[in-house]
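[1] Coordinates for the following, if possible.
(chains A and B)
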Amino acid sequence: NAGVMQNPRHLVRRRGQEARLRCSPMKGHSHVYWYRQLPEEGLKFMVYLQKENIIDESGMPKERFSAEFPKEGPSILRIQQVVRGDSAAYFCASSPWDLPNSPLHFGNGTRLTVT
Amino acid sequence: ELKVEQNPLFLSMQEGKNYTIYCNYSTTSDRLYWYRQDPGKSLESLFVLLSNGAVKQEGRLMASLDTKARLSTLHITAAVHDLSATYFCAVDGWDSNYQLIWGAGTKLIIKP
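    Purely as a prediction, here's the structure:
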């Protein structure tokens, strides 16, 4: 049973370019979460999605960031016009809908570097 | 605003020693999680603590939760080099079970 799959593992973008991060949840999981981790810090919640629905995006910056989880295919975190401050590790996690007390299962993350 | 504080943030210790990592949080929460992260890797779930007085053990690691004191501890017994990692505690946000609020992490180095 494959775990949470994220790609790419590493992504380098120049300032002003777009970054697209992909996440496929574990099989059977319909809830996806995105977190951002700055160096030497804990994770910060960004957004929580279910299929075709954004449930909570209160942790997302108001501009340049968007997320989706279409009916078919992976969840996408999109960052437009990247700036140096966007450099971080972005982690996706998933959970089964009916086990709220279960821990989140994390992917290996995408490390974004903006030059 | 819910805050989670871990201490120490950095710990270097010798193999065979015992030590405890502390996790304090500022408001009531139903669930507390401990995760492990190796450098450049993902986060691995270690424990989920759901009630006051909960104690869980896995190998040389034991976690406990005191909801009245808003404190969780992660105790390491007879440390071995393979336990070197960064350990995070996380607490449910006040109005959800997914908006986890994370501590800054404790970087643990165990010297052979």
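
[2] residues near the closest residue to chain A within chain B, how many?
    Among all residues of chain B, residue B:102 sits closest to chain A, at 3.1 Å; criterion: Cβ to the nearest Cβ. From N, CA and C alone the C-beta is placed, and that goes for glycine too. Neighbours of residue B:102 under the rule other Cβ atoms under 10 Å in any protein chain shown: 21.

[3] Surely it touches residue A:43?
    Yes: the pair residue B:102 and residue A:43 qualifies as a contact (Cβ atoms under 8 Å) at a distance of 4.7 Å.

[4] now the worst-scoring helix or strand of chain B on mean pLDDT: how far from the chain's centre is it?
    Lowest on mean pLDDT, DSSP states H and E among the helices and strands of chain B sits strand B:101-102, with a mean of 89. Chain-centre distance of strand B:101-102: 11 Å, with Cα atoms, centre = their mean, to the nearest Å.

[5] What are the buried residues along whichever helix or strand comes after it?
    Per DSSP states H and E, the first helix or strand lying C-terminal to strand B:101-102 is strand B:106-111. Buried residues in strand B:106-111, counting neighbours by 16 or more other Cβ atoms under 10 Å in any protein chain shown, are found at B:106, B:107, B:108, B:110.

[6] Neighbours of residue A:66, how many?
    Neighbour number of residue A:66 under other Cβ under 10 Å is 15.

[7] For it, name its beta-bridge partners.
    Taking DSSP bridges as the rule, residue A:66 bridges to residue A:78.

[8] just checking, residue B:66 touches residue B:52?
    Yes: assessed by Cβ under 8 Å, residue B:66 is found in contact with residue B:52 at 6.6 Å.

[9] More neighbours: the two, which one.
    Taking residue B:66 and residue B:52 together and counting by other Cβ under 10 Å, residue B:66 has the greater number of neighbours (13 against 10).

[10] What residues are bridge-paired with the more buried one?
    In beta-bridge terms (that is, DSSP bridges), residue B:66 pairs with residue B:71.

[11] For it, list the residues it contacts.
    B:52, B:53, B:72 (Cβ atoms under 8 Å, 6 or more residues apart in numbering or on different chains).

[12] Could you check the pLDDT of it?
    The score at residue B:66 is 93. That number is its pLDDT.

[13] rewinding a little: what residues do residue B:102 and residue A:43 have in common as contacts?
    In contact with both residue B:102 and residue A:43: B:88, B:90, using Cβ under 8 Å, 6+ apart.

[14] Span of stretch A:36-54 from start to end?
    17 Å (Cα to Cα, to the nearest Å).

[15] Same check on stretch B:73-85?
    Termini of stretch B:73-85 sit 16 Å apart (Cα to Cα).

[16] Flag every buried residue along it.
    B:73, B:74, B:76, B:79, B:83, B:84, B:85.
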